[in-house]
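> need a structure here:
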Amino acid sequence: MKKRIILIISILLIITAALACIYVFNRPTVESGTILLKTGSGDKTISFSELPMSKVSGETTNKKGETKKIDAKGYSLSDIPALAGITDYSDIIVFSDDEYNAEVSKDELADHDKAWLINDDGGIRLIVFKDEDSKRNVKNVVRIEIR
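Model (predicted):
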């Protein structure tokens, strides 16, 4: 009985390790300072440093209710679909290098100053202003999906 349990646990551990390896090695990777744009018509890599930057300023609020002043240069998320040549979409999902993601709808992006991509400690960060909680502020952005 004990041998059978040990065998089943060993098999489950091997399956889990194999699936983890498959996931890690099949994740899309991008060079530092670039973003992968995924659309229904294909993928495109853009260099963040080559985008025309604008002044970004505002405040974000965390879950504790504390506000943080943002004063940086960035690129409006509402301009991203045009880079991919897309006019008809419903939302944009921004992913970090650890697959954390945030969704911003097309209706929200009608306010051009709502969501921004900014440089943050060597990485790219999504900032969403006027949110009650900063859960949609994504650090280390590597991929943007336009749906």
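> Quick check: mean pLDDT of stretch 70-87?
Averaging pLDDT along stretch 70-87 yields 88.
> again, but for stretch 117-132
Here the average pLDDT along stretch 117-132 is 86.
> Return the set of buried residues in that stretch.
Neighbour-count burial for stretch 117-132, counted by 16 or more other CB atoms under 10 Å, picks out 117, 118, 119, 120, 123, 124, 125, 126, 127, 128, 129, 131. Just so you know, the C-beta spots here come from the backbone N, C-alpha and C atoms, and that holds for glycine as well.
> Also stretch 100-109?
Buried-residue list, stretch 100-109, by 16+ other CB under 10 Å: 101, 102, 104, 108, 109.
> Just the CA trace of the helix or strand hosting residue 125, in PDB.
Counting by DSSP states H and E, the element that carries residue 125 is strand 123-128. What follows is strand 123-128, C-alpha atoms only, in PDB (Å, rounded to 0.1, in the frame of the first residue of the first chain):
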ATOM      1  CA  GLY A 123      11.000  48.500 -17.100                       C
ATOM      2  CA  ILE A 124       7.700  49.500 -18.700                       C
ATOM      3  CA  ARG A 125       4.700  50.100 -16.400                       C
ATOM      4  CA  LEU A 126       1.000  50.500 -17.000                       C
ATOM      5  CA  ILE A 127      -0.500  53.300 -15.000                       C
ATOM      6  CA  VAL A 128      -4.300  53.600 -14.900                       C
END
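> Can you name the residues in contact with it?
Strand 123-128 has contacts (CB atoms under 8 Å, 6 or more residues apart in numbering) with 32-33, 35, 48, 56, 58, 60, 70, 74, 77, 94, 102, 104, 114-119, 134, 136-142.
> Could you pull up the residues touching residue 100?
By CB under 8 Å, 6+ apart, the neighbours of residue 100 are residue 138.
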